[in-house]
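Q: what's the 3D shape of this:
(2 chains)
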Amino acid sequence: MNTHPAPHRPGPLPTSMQVENGQLRHLLTVEGLGRPLIEQILDNAESFAGMNDQGVKKLPLLRGKTVANLFFEASTRTRTTFELAAKRLSADVLSLNMNASATTKGETLLDTLRNLEAMQCDMFVVRHADSGAAHFIARHVAPHISVINAGDGRHAHPTQALLDVFTIRRHKGELSKLRVAIVGDVLHSRVARSQIHALNTLATGEVRVIGPRTLLPAAVEQLGVQVYHSMEQGLKDVDVVIMLRLQKERMQGAFIPSEHEYFLRYGLDAKRLALAHPEAIVMHPGPANRGVEIASEVADGPQSVILQQVTYGLSVRMAVMSMVMGVSPQVRA
Amino acid sequence: MRRLIRGGRIIDPANGIDRIADLAIADGRIVGLDPGDFQADAHIDARGLTIIPGLIDLAVRLREPGQEHKATIASECRAAAAAGITTVCAMPDTVPPIDSPADVRLVRQKARNAHAARVAVFGALTQGLDGNHLTEMAALRDAGCVGVTNALRPLASPLILRRALEYAASLGLIVVVQPLEHTLMPDGCAHEGPVASRLGLPGIPVAAETAALGQILALVEQTGARVHFGRLSSAAAVRDLQRAIADGLPVSGDVAAHQLFLTEMDVADFNALCHVLPPLRNARDLKALRAGVADGTLIAICSDHQPHEDDAKLMPFPATEPGISALETLLPLALRLVDEGSLTLVEAIRSVTCGPAQILGLNGGNLAPGRPADICIFDPEAEWSLDVEQLHSRGRNTPFQGWALRGRVRHTLVRGEPIYESSEHSDPHV
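A: Have a look, this model is predicted:
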């Protein structure tokens, strides 16, 4: 029986669509989630992190469920961590490279979704090059399917942002006293947008963005950040430095004159890092361009928590997947 | 056929008329008001109704030839008739584009066969709208084109634009330009502002409009060509146009009705029905556009009708096709501007009748004796709610679904003959 509504014309999507009866229904964006829900995700992630630390790596929370990773855009790291997270929750996992499949043969996105629905999937993890793709899919999937946004265009990458704040919380504790700087290509970064929403929702002391005007979105200050065009000024006394990847392919678009000048102006090396708080941590969503946005001495240095972000990503994604399926973790750290 | 429309409130901004009278029609033309012993073959009881010149819509996509899955000339001419529009100006960006006399004749013939609204055709400015090679504009004019335009397609260079303006001017053809500097909006799909920044949508800055506008104004000053700027979207563009008009340049401008009601905020939540080009801008722009209509800087309000099949909007926002199916909201939205205090009733009606007629030198939009009897009769008090399933257009793509509107068309006449008639009892919208 066809349980989903017939295709209908799009209308505004209520931002509350992510939450149903107080439970996480989809995870499309951090925006509008609310502090209690974000903290619940982080707490649940803490449980999974504790479990991993103890060596028990698999739980039966999603046994019998099928997770489909729909990656319309290339990704290795994110797809792998979602896949691993689903497997650790005992789900059956399909990982589909959609660029090489039906949509390139002319099938519409909706037709593709209908076929996957017909295969009795329970969760779609979606990455797509267009902003709003995850919202679009969530608007049109059958009622029993949950959608997790694994990155849509420049819009949102909520699990990455949640693992980032999880990392900050683990290392620095209470966020209300912290200064956090996000450095680089904010314009094209879905990660940065989600980080800003997450940090502000958690009442972080101060959120800064640092970059040339070519790489900052219009009216970025309306997202609730302080804007700096100078690393020397922007890094002063910050507790957390989040470096963003500068996509080399976008350097041809006259966003910056050269990698060389970018590194000289906005690259993070030990000298610049010294401007921050002495115990500041350095983060990067990866993959990092060494010598372009970050020097190896910093990426591999004692203040770097880049690899821990990857580890924590697994716990956060396990937390989100279990929550959208309505099952809570049964372990405690 | 001699017809008498009895007892309605006649508003004819072109002739400064606003009073209750009988309107006589004979042989497809206006005879006059309160014609005394006029012997009519047929009557229309218009008591309680408002009688105005048939609406003239400056920017309509009929989608035929080539995109009949979206709409047809017949379907959209009938939708226009139901909306009180008696002349639609067809844009040439069909598939293939309307760039030859044969194309023009085909469209006009199909329009005649539809027995609904008239169609005035804009010819392509460049061959295949390629932006490089001028069309045979003299032949297009002789085939009946009312002007030339490259629609939303960019021209290859300012030099091509200059040549196009000079050549069109030598033929007395008006050039319609939708000013957008495409190189300033790579992949852009929403107004460059806080909403697009939040949603991660590639932006279209106001400067994409004003940079193009400024360049064209410089060339108008150089060439003396008549240029009409279609579908302006920003306060800055209204300001620049106002200065140009004050300087005596032969330019004019219009605005799409949806730009007077929607802003970038309506794009929030990725509402693809609000994906339009130029994009919906901010509240300050909206206010300036309304003021521009009120003070006459923007001489016309058009629908910028772009019907789409459902699938065109069933994709992630940036991948959807821009445009709104808008014929049937043109009059009620114009009337809503009156309700909201932005325009007087006469100003609102002027902007959809004699205003657009003046730009193109059309014989319509006017109820003076001897003029074609193209007439819209509407119930100004009828309140209704827009239901997309009840639209006459093939396109259901409107963000105004569920809006409470006022003013329902009861009769539309072209050349004195009814092309649409509705009654309160049979009207499915009510």
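Q: show me the shaky parts of chain A.
A: Along chain A, segments meeting pLDDT under 70 span A:1-16, A:55-56, A:100-106, A:249-253, A:328-333.
Q: nearest spatial neighbour of residue 95, skipping sequence neighbours?
A: In the absence of a named chain, this looks at chain A. A:N69 (4.3 Å; Cβ to Cβ, 6 or more residues apart in numbering or on different chains). C-beta coordinates here come from the backbone N, C-alpha and C atoms, glycine included.
Q: actually, chain B is the one I wanted.
A: B:G66 (2.8 Å).
Q: same deal with B:A283?
A: B:T263 (5.4 Å).
Q: how deep is that neighbour tucked in, by neighbour count?
A: Neighbourhood size, B:T263 [other Cβ atoms under 10 Å in any protein chain shown]: 21.
Q: for the residue of the stretch 301-430 of chain B at minimum distance from chain A, what are phi and psi?
A: Closest contact between the stretch 301-430 of chain B and chain A, by Cβ to the nearest Cβ, is at B:P316 (3.7 Å). Dihedral angles of B:P316 (phi, psi; degrees, to the nearest 10) stand at phi -60, psi 150.
Q: A:I182: how many residues sit nearby?
A: With other Cβ under 10 Å as criterion, A:I182 counts 27.
Q: got a list of what residue 178 touches?
A: Went with chain A since none was named. A:I168, A:K172, A:T204, A:G205, A:E206, A:D239, A:V240 (Cβ atoms under 8 Å, 6 or more residues apart in numbering or on different chains).
Q: that's the other chain; I wanted chain B
A: B:T149, B:A151, B:L152, B:F229, B:G230, B:R231, B:P278.
Q: show me the contacts for B:R336.
A: So B:R336 contacts B:F261, B:L405, B:R406 (Cβ under 8 Å, 6+ apart).
Q: A:L202: what's its closest spatial neighbour, skipping adjacent residues?
A: A:L202's closest residue in space is A:L175 (Cβ to Cβ, 6+ apart), at 4.9 Å.
Q: would you mark the buried spots in stretch B:18-30?
A: Buried positions in stretch B:18-30, judged by neighbour count with 16 or more other Cβ atoms under 10 Å in any protein chain shown: B:A21, B:D22, B:L23, B:A24, B:I25, B:A26, B:R29, B:I30.
Q: still on that earlier bit, tell me the SS of the residue nearest to A:L202?
A: coil (DSSP: H, G, I helix; E, B strand; the rest coil).
Q: tell me how many other residues crowd it.
A: Neighbours around A:L175, by other Cβ under 10 Å: 21.
Q: roughly how far apart are A:G151 and B:H275?
A: As judged by Cβ to Cβ, to the nearest Å, A:G151 and B:H275 stand 22 Å apart.
Q: that older thread, neighbours of the residue nearest to B:V95, how many?
A: Each residue near B:G66 was counted by other Cβ under 10 Å, and the total is 12.
Q: show me the contacts for the residue lying closest to B:I10 once chain neighbours are set aside.
A: Leaving aside its chain neighbours, B:I10 sits nearest to B:I51 (4.7 Å; criterion: Cβ to Cβ, 6+ apart). B:I51 is in contact with B:I5, B:G8, B:R9, B:I10, B:I11, B:L23, B:L367, B:I375, B:C376, B:I377, counting by Cβ under 8 Å, 6+ apart.
Q: would you say B:I51 is within a strand?
A: Yes. Counting by three-state DSSP, B:I51 falls inside a strand.
Q: picking that back up, quick one: which of the contacts of A:L178 is nearest to B:L173?
A: Distance to B:L173, by Cβ to Cβ, is smallest for A:E206 among the contacts of A:L178, at 59.6 Å.
Q: tell me the bridge partners for the closest one.
A: With DSSP bridges as the criterion, A:E206 is bridged to A:R179.
Q: surely it touches A:Q226?
A: Yes. Between A:E206 and A:Q226 there is a contact at 6.3 Å, judged by Cβ atoms under 8 Å.
Q: pLDDT wise, what is the residue nearest to B:A283 at?
A: pLDDT recorded at B:T263 is 98.
Q: how far away is it from B:P279?
A: Taking Cβ to Cβ, one finds B:T263 at 10 Å from B:P279.
Q: what's the spatially most central residue of chain B in contact with, if anything?
A: When Cα atoms, centre = their mean is applied to chain B, the residue found nearest the centroid is B:C302 (2.7 Å). Listed by Cβ under 8 Å, 6+ apart, the contact set of B:C302 reads B:57-60, B:89, B:230-231, B:254-257, B:330, B:352, B:356.
Q: nearest to A:L246, of those?
A: B:R231 (36.8 Å).
Q: can you read off the backbone torsions of the closest one?
A: Per degrees, to the nearest 10, the backbone of B:R231 is at phi 60, psi 50.
Q: what's the neighbour count on it?
A: 25.
Q: quick check: closest non-adjacent residue to B:A368.
A: B:N15 (5.4 Å).
Q: for chain A, see how far away the one you found is.
A: Distance, B:N15 to chain A, by Cβ to the nearest Cβ, to the nearest Å: 42 Å.
Q: show the contacting residues for that residue.
A: B:N366, B:L367, B:A368.
Q: hmm, who's touching the strand or helix carrying A:V298?
A: Assigned by DSSP states H and E, A:V298 belongs to helix A:296-299. Helix A:296-299 is contacted from outside by A:L268, A:D269, A:A270, A:L273, A:V282, A:H284, A:A288, A:R290, A:S304, A:I306, using Cβ under 8 Å, 6+ apart.
Q: could you tell me which of these count as buried?
A: Buried among the contacts of helix A:296-299 by 16+ other Cβ under 10 Å: A:L268, A:D269, A:L273, A:V282, A:H284, A:A288, A:S304, A:I306.
Q: how about the residue nearest to A:L202, phi and psi?
A: phi -90, psi -20.
Q: my guess is it contacts A:T204. True?
A: Yes. Taking contacts as Cβ under 8 Å, A:L175 lies within contact range of A:T204: 4.5 Å.
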